[in-house]
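S.K.: no sequence on this one, just coordinates:
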């Protein structure tokens, strides 16, 4: 029986869904590019099964994401799932060939003073076992603290040295060259402007976004149902996105970009999958 999902496993599943959204790949496309089947990816992204370490690495590679943070999340989730985090390492038995510690020599200043009674061998063995168990507990505690530091939000105090992390890469397109391109793959999704966010009658949310670095806009939706569709149009062709499966309903689904510039009016239209659902549109002006 699969154990109930822990908070650590839930964080890992959420991070994997975000990466999968960034790739723009369907479950079938993920299966073509990795050793894992479509049904396996569905279980991994729904949180029903803990993915193998290799699957996490493959998804990071496809999303062009450094794998360090995701592998740290996987290590913690895997230790919780397997029960290793709650089981300290057993104390090794004392070696029978190990000689007992030497007895202290009597003080030369008081040769006639009686020697203190020596502890029996069993007591010395118990003390060595206690020291070993305490060392194991300390190791588990240090590991837990290290894992907690990995999961803490990245905060930098005024006393911290300046960050040496590389800056985000520049956009790969601008204006007309962004038409029909993926905003994540073109590095246009870093710090975009949100033109408007609307809630539809079905409960889905629609958002229009614009990248000043790329002079392009796109739309995204969430809290959707399978079959929901989103269109975006400005001065060029209409672009669209559709919710393909249950995994899509638990993450963002976004369109490709259309070229825009300050002053351009962008329109997004949401079409629910239900036959009796009505088309709902929202307009926004770039820079307005």
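M.R.: Looks like it arrived, so ask away. As the structure is a prediction and not an experimental result, all values here were calculated from the model.
S.K.: quick one: residue 13 from residue 209, how far?
M.R.: 25 Å (C-beta to C-beta, to the nearest Å). C-beta: built from backbone N, CA, C; applies to glycine.
S.K.: In contact with residue 231, which residues?
M.R.: Neighbouring residues of residue 231 by C-beta atoms under 8 Å, 6 or more residues apart in numbering: 219, 238, 239, 240, 255, 268, 269, 271.
S.K.: Pick out the most distant pair among these.
M.R.: Greatest spatial distance among those (C-beta to C-beta): 239 and 271, at 13.6 Å.
S.K.: Those two: which is more packed in?
M.R.: Neighbour count, other C-beta atoms under 10 Å: between residue 239 and residue 271, residue 239 has more, with 21 against 18.
S.K.: Need the contact partners of stretch 184-198.
M.R.: 22-24, 168-173, 178, 181, 183, 205-214, 216-217, 257, 266, 280, 282, 284-286.
S.K.: and if we set it to 7 Å?
M.R.: By C-beta atoms under 7 Å, 6 or more residues apart in numbering, the residues outside stretch 184-198 that reach it are 22, 24, 168-173, 178, 183, 205-214, 216, 257, 266, 282, 284, 286.
S.K.: do the same with stretch 18-27
M.R.: 38, 41-42, 45, 59-60, 62-63, 65, 182, 184, 244-245, 247, 251-252.
S.K.: switch to 8 Å and redo it
M.R.: 30, 33, 38, 41-42, 45, 59-60, 62-63, 65, 70, 182, 184-185, 244-245, 247, 251-254.
S.K.: Please list only the buried members of these.
M.R.: Listed as buried from these are 30, 41-42, 45, 59-60, 62-63, 65, 70, 182, 184-185, 247, 251-254; burial here means 16 or more other C-beta atoms under 10 Å.
S.K.: so what's residue 233 up against?
M.R.: Neighbouring residues of residue 233 by C-beta under 8 Å, 6+ apart: 239, 258, 266, 267, 269.
S.K.: Next up, the contacts around the closest residue to the first one other than its chain neighbours.
M.R.: Closest residue to residue 239 in three dimensions, ignoring its sequence neighbours and counting by C-beta to C-beta, 6 or more residues apart in numbering: residue 255, at 4.6 Å. Neighbouring residues of residue 255 by C-beta under 8 Å, 6+ apart: 218, 219, 220, 230, 231, 232, 239, 240, 241.
S.K.: State the helix or strand in which the last one lies.
M.R.: Residue 241 is located in strand 239-242, with elements delineated by DSSP states H and E.
S.K.: averaged over its residues, what pLDDT does stretch 223-235 have?
M.R.: In this model, stretch 223-235 has a mean pLDDT of 93.
S.K.: so residue 72 sits in a strand?
M.R.: No - Residue 72: not assigned to a strand; according to DSSP: H, G, I helix; E, B strand; the rest coil it is helix.
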